[in-house]
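Enquirer: Take a look and give me a structure for this.
(4 chains)
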2 protein chains.
Amino acid sequence: MSKKPQESMPKISDAEWQVMQVLWEESPLSAAQVVERIANEQDWSPRTVKTMLGRLLQKEALTFTQEGNRYLYRPAVSRSACLRDASKSFLSRVFSGDTRLLLAHLVDAGKLSNDDIQTLKQILQDKESE
Amino acid sequence: MSKKPQESMPKISDAEWQVMQVLWEESPLSAAQVVERIANEQDWSPRTVKTMLGRLLQKEALTFTQEGNRYLYRPAVSRSACLRDASKSFLSRVFSGDTRLLLAHLVDAGKLSNDDIQTLKQILQDKESE
DNA sequence: TGTAGTAGATTACATACGTAATCAATCTGG
DNA sequence: CCAGATTGATTACGTATGTAATCTACTACA
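Expert: Residues are numbered from 1 along each chain as shown, chains lettered A, B, ... in the order given. Purely as a prediction, here's the structure:
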């Protein structure tokens, strides 16, 4: 039940996140399928998506299994680990690692709807009675 | 009392954030003073800090007033605007813009101490009775 | 069976970034 | 008054990134 070391998270760039999101959502997928899914969100050339896939393989953020002449891609790093990692570096970069500062900012900047606030209170309630 | 358009936030890189943080903390400062403050946190060559200052001027994230042969630097963009901007792009990049997802993650990933949770509940309480 | 389309691999290329070093002008201590 | 220190400006340079195009091998239809 211990957290896997996960060696060292590969650094995933902005554009690459898009691709990872797709594959965390559903995998394995062929390149063509990823291109298709991406098309809903971004206006990238299929070439560009291929490049991303290639780079993510290099970074070992993805793995593949060959199926005929094409690859089926799937995440090699968990979404939650990446979220953790990204949140941590964002927090330390922008909010000097102060989580409360971030939360205060979110609330303050009106990022939270009333619904969000209710949800959050619920989350906290649950958390409190861990 | 309307929020200034702030044209378009300059994109501030990781390393540049360090410099901005210093100047938001205290300004105006000479390059030497910034170097000094930075030294507490990072182990950068003074040259590197100068480069950052130069780039931030170009990006118009900083302004300066000349004082003798040196510049006194000061932020040209507000910290809160940059926080807003950075939070927004982080949220959309990593959490698909879903604030609640981020919050759930923060709480869940144990980023919040009990104190944090108390503080947060307080913040929410206050917010609720706006 | 040959030719066009497709897949992955390799190459391209401008800009950003991290990390400085060098240069020209200026200030300052002796 | 001059030499060294200091300042901002310019240049450097390898890697990352966004955004593709080209090359090569293979597959699938006519």
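Enquirer: so what's the backbone phi/psi at residue A:64?
Expert: Listed backbone geometry of residue A:64 is phi -140, psi 160, with angles given as degrees, to the nearest 10.
Enquirer: Could you count how many residues lie near it?
Expert: For residue A:64, the number of neighbouring residues by other C-beta atoms under 10 Å in any protein chain shown comes to 17. The C-beta positions use only the backbone N, C-alpha and C, and glycine is treated the same way.
Enquirer: What of residue A:82?
Expert: Residues within reach of residue A:82, counting by other C-beta under 10 Å, total 21.
Enquirer: near chain B, anything from the strand or helix carrying it?
Expert: Assigned by DSSP states H and E, residue A:82 falls within helix A:79-95. Yes: between helix A:79-95 and chain B, judged by C-beta under 8 Å from any C-beta of the partner chain, the touching residues are A:80, A:83-84, A:86-87, A:90-91, A:93-95.
Enquirer: contacts for whichever helix or strand comes after that helix?
Expert: Where DSSP H and E defines the elements, the next helix or strand beyond helix A:79-95 is helix A:99-108. Contact partners of helix A:99-108, identified using C-beta atoms under 8 Å, 6 or more residues apart in numbering or on different chains, comprise A:91, A:94-95, A:111-112, A:117, B:83-84, B:87, B:99, B:102-103, B:106, B:111-112, B:116, B:119-120, B:123-124, B:127.
Enquirer: which among the residues you listed end up buried?
Expert: Neighbour counting over these (16 or more other C-beta atoms under 10 Å in any protein chain shown) leaves A:91, A:94-95, A:111-112, A:117, B:83-84, B:87, B:99, B:102-103, B:106, B:111-112, B:116, B:119-120, B:123-124 as the buried ones.
Enquirer: With distance to residue A:10 and pLDDT added, can I get the residues of helix A:79-95 next to chain B in a markdown table?
Expert: Shown next, in a markdown table, are those (distance: C-beta to C-beta, whole Å; pLDDT from 0 to 100):
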| residue | distance to residue A:10 | pLDDT |
| --- | --- | --- |
| A:80 | 15 | 93 |
| A:83 | 14 | 95 |
| A:84 | 14 | 93 |
| A:86 | 12 | 95 |
| A:87 | 16 | 95 |
| A:90 | 17 | 96 |
| A:91 | 19 | 95 |
| A:93 | 18 | 95 |
| A:94 | 21 | 95 |
| A:95 | 24 | 94 |
